[in-house]
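A.B. asks: build the 3D model from these lines:
(chains A and B)
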Amino acid sequence: MRDLPAVDSALLAAALERFLAEELRASGLAGYVVGLSGGVDSAVSAALAVAAVGRERVTALALPGPTSSPASERDARSVAEALGVPLEVVDLAAAGEAIAATLAARDDRVRFGNVMARLRMIALFDRARAVGALVLGTSNKSEILLGYSTLFGDAAASVQPLGDVWKTHVFALARTLGVPEAVVNKPPTADLWPGQTDAAELGFDYQTVDPVLYGHHEGGMGRAELVDAGFPPALVDAALAAYRRNRFKWRPTVVARVSASCINVDRILPRNPER
Amino acid sequence: MGEGAPQQGVLVVALAQIATCPGQLRTNLDKHLAMADQARARGADLVVFPELSVSGYLLAHGVLEHALCLDDPLLEPLRRASREVALLVGLPLREPEGGISNAAVLLEGGEVRGVHRKLYLPTYGMFDEGRYFVPGPRLAPIECRFGRFGVLICEDAWHLSSAALLARAGADALFIVAGGPTELDGDHEPAGSRRWHWIVGATAVTTVRPVFFANRCGWEEGVLFGGRSWAVDGRGHSLAAAAPILDEALVTAPMSRAAAVRTRTLIPIPATERLDLWRAAMESADA
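C.D. replies: Predicted coordinates:
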């Protein structure tokens, strides 16, 4: 079996902090807005932002819905306290119920989960607009590769500091950054319905699947090589199936090119304003 | 160093490891001027900036807008500063006959003393330079009052023949300017920075010339650059401690001209290069 490469989490954290500082400087905006879910990804993202630009420039929101676990808000609060940032609770339960009723989506837990993830996106971008901030993304490389996210929901953000960081390494970063142990140790969950966990939905946990994804995505190993290397065939098949099925989420849309100046095809330009 | 005898004694080279922002030219220029001031205060004769230091590296099609001519008014503050301390700066150079070069421009005494245009434009992996730039047509040392210097821009130095040719052409020292990205692979010295350290060291000891390496640091468009600007003499002794990986820094490295000449006289590796093998290789490639 192949292992993930090691991580120097202190160097990684220092580098990502400079990334967040530079993106904010280059954008000309005032700070970051982050949704704290009570999980490790948003805790690490927020900790990096606080270290990068100062806690006074980080706005933390808890965005509970009607089915959110009370433990999530409790953990979000412990993260905010550890970082020294106020946590504002914006209760999206009524809004979620209303839009789900209008769309007749309430009885389908995946549809309703997507509605809630996208409502959180609306809340974060609305606040970002109001205070002149960037929305701090919290997606990690493992979930992006597996497509375990809601398009235009939790996957939507101005910047993604963890988007190239394996989930296994997010845990290492969390320990380096002093994220509360209870948050680091709890099973990852999108908390879109009671009792939901990433591992139950995906069929494996991240520490198990990360070496498979690494071997395939970075090392170019196909199914046969991965199985030869000792990974269980069922794990390899499930990981590769998600990897292939959800690849459309890596590039959330595609523009039909009908000119010689198609944006991002014929004209690729720096993202930040020129000065 | 003595005003009257710039070719003698000690040459102090400063390596300005800066983080630039693509398209934010005024911000980048301010950093050049601040570094030049600091270098002058530390007694530097010449300041070496990284690749595309004026424009930023990941400009992509932004080069169409931001490419500069050598007489562009935007460069006037640099020309003025070069009366006090010579500057080697990187910029996208608009060629009179069309096309844009990835260039390093040596300014000294308020004037352009020479230009090196990048020869090898990486167009693979995360690199796409062949799409935006035209390759340089020639390789020759640049001369100024401080000496005769070979300039290599990033990928140029990965083709070891470039440094060998510059040594054969009589360069006193080599300046490698880079926008070298790095991945963080878990090593304390990350992979990109580590590879550059080897290349710079190998270039110095095989050409038996001092090598001054100015790399950029910081982030552009989500890409991390590996810093670790460094200077080393022709026998592999550091002329200055390497700069940090992540942060901007000014490294000053003194080089004794007499010691450099003595070293390359004692160890004449480039002079004994078997050019007959190169000729045979070229003939077999032509065949």
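A.B. asks: leaving out sequence neighbours, find the closest residue to residue B:37.
C.D. replies: Setting aside the residues directly before and after it, residue B:37 is nearest to residue B:81 in space (CB to CB, 6 or more residues apart in numbering or on different chains), at 7.9 Å. C-beta: built from backbone N, CA, C; applies to glycine.
A.B. asks: residue A:11 now?
C.D. replies: residue B:184 (6.2 Å).
A.B. asks: my guess is the one you found meets residue A:10, correct?
C.D. replies: No - the pair residue B:184 / residue A:10 is not scored as a contact, 10.8 Å apart, by CB atoms under 8 Å.
A.B. asks: those two - which one has more neighbours?
C.D. replies: Comparing residue B:184 with residue A:10 by other CB atoms under 10 Å in any protein chain shown, the one with more neighbours is residue B:184, at 24 against 13.
A.B. asks: checking whichever residue of the stretch 1-150 of chain A sits closest to chain B next. Helix, strand or coil?
C.D. replies: Closest residue of the stretch 1-150 of chain A to chain B, CB to the nearest CB: residue A:6 (3.4 Å). Under DSSP: H, G, I helix; E, B strand; the rest coil, residue A:6 falls in the coil class.
A.B. asks: re earlier: next up, the contacts around the residue nearest to residue B:37.
C.D. replies: B:32, B:33, B:36, B:37, B:87, B:107 (CB atoms under 8 Å, 6 or more residues apart in numbering or on different chains).
A.B. asks: same check, this time on residue A:67
C.D. replies: With CB under 8 Å, 6+ apart, residue A:67 has these contacts: A:112, A:116, A:191, A:192, A:193, A:194.
A.B. asks: now the helices for the chain?
C.D. replies: I went with chain A, as the question did not name one. Assignment of helices within chain A using DSSP state H yields the ranges A:9-27, A:40-53, A:70-83, A:93-103, A:109-131, A:141-146, A:167-177, A:181-185, A:198-202, A:206-213, A:223-228, A:233-245.
A.B. asks: my question was about chain B
C.D. replies: With DSSP H as the criterion, chain B has helices spanning B:25-41, B:63-66, B:76-81, B:129-132, B:160-168, B:191-207, B:257-266, B:275-286.
A.B. asks: how about CSV for these, with distance to residue A:61 and mean pLDDT added?
C.D. replies: Formatted as CSV, these follow (distance: least, CB to CB, whole Å; pLDDT from 0 to 100):
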stretch, distance to residue A:61, mean pLDDT
helix B:25-41, 32, 97
helix B:63-66, 38, 95
helix B:76-81, 44, 98
helix B:129-132, 41, 97
helix B:160-168, 54, 96
helix B:191-207, 37, 97
helix B:257-266, 61, 95
helix B:275-286, 63, 92
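A.B. asks: if I look at the residue positioned nearest the centre of chain B, how far off is chain A?
C.D. replies: Among the residues of chain B, the one closest to the centroid is residue B:177, at 2.5 Å (CA atoms, centre = their mean). Distance of residue B:177 to chain A, given as CB to the nearest CB, to the nearest Å: 21 Å.
A.B. asks: pLDDT score for that residue?
C.D. replies: pLDDT, residue B:177: 98.
A.B. asks: Produce a ChimeraX select command limited to the buried residues of the contacts of residue B:81.
C.D. replies: Buried residues within these, by 16 or more other CB atoms under 10 Å in any protein chain shown, are selected in ChimeraX with:
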select /B:32,36,87,107
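A.B. asks: count the neighbours of the nearest residue to residue B:40 once chain neighbours are set aside for me.
C.D. replies: Of all residues not flanking residue B:40 in the chain, residue B:85 sits nearest, at 4.5 Å (CB to CB, 6+ apart). Around residue B:85 there are 23 other residues, counting by other CB under 10 Å.
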